[in-house]
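Trainee: quick one, structure for this:
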Amino acid sequence: MVHVLIRHKVADFTKWKQVFDSHLNKRMGAGETGCRLFHSVDDPRDVTLLLDWDSVDSARRFMTSSDLRSTMQNAGVAGEPEVHYLLDAVSVRRSSAD
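Mentor: Numbers count the residues shown, from 1 in each chain. Okay, here's the model as predicted:
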């Protein structure tokens, strides 16, 4: 599975989240299969996303699209986001039996 890790600052988390949620169908249509969203405990405007994609090619195509750039600007993303493309190396789930 391919993952895209994105970190950026936003002007207003609530506004950004509304735009992010309204963009779901476009992300899914482009190949996103799931996501996790985080924000810093100290600053909710410091946002990190971990998105799952069907392929690295579709992820790169979407991440570099003019539609995404426009959407991010409208959502209040400040500056350039950090974007990293990742593959699973090891996955471990801990339980009380560990």
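
Trainee: the chain: strands as residue ranges?
Mentor: For the chain, applying DSSP state E gives strands covering 2-10, 32-39, 46-53, 77-87.

Trainee: to residue 98, which of those lies closest?
Mentor: Residue 98 lies closest to strand 32-39 among these, at 22.1 Å (C-beta to C-beta). Every residue, glycine included, has its C-beta placed from N, CA and C.

Trainee: could you report the neighbour count for the closest residue in space to residue 54 that isn't next to it in sequence?
Mentor: Spatial nearest neighbour of residue 54, excluding adjacent residues (C-beta to C-beta, 6 or more residues apart in numbering): residue 31 at 4.2 Å. Neighbour count for residue 31, taken as other C-beta atoms under 10 Å: 18.

Trainee: could you pull up the residues touching residue 31?
Mentor: 53, 54, 55, 58, 59, 62 (C-beta atoms under 8 Å, 6 or more residues apart in numbering).

Trainee: quick one: pLDDT of it?
Mentor: Residue 31 is assigned a predicted lDDT (pLDDT) of 97.

Trainee: what do you get for residue 48?
Mentor: If you check residue 48, the pLDDT there is 98.

Trainee: related to what we said a few turns ago, which of the contacts of residue 31 fall in helices?
Mentor: For the contacts of residue 31, the ones inside helices are 58, 59, 62, with DSSP state H as the criterion.

Trainee: wait, doesn't the last one sit right on residue 28?
Mentor: No - between residue 62 and residue 28 there is no contact, the gap being 10.5 Å when judged by C-beta atoms under 8 Å.

Trainee: higher neighbour count, these two?
Mentor: Using other C-beta under 10 Å, the more surrounded residue of residue 62 and residue 28 is residue 62, with 19 against 13.
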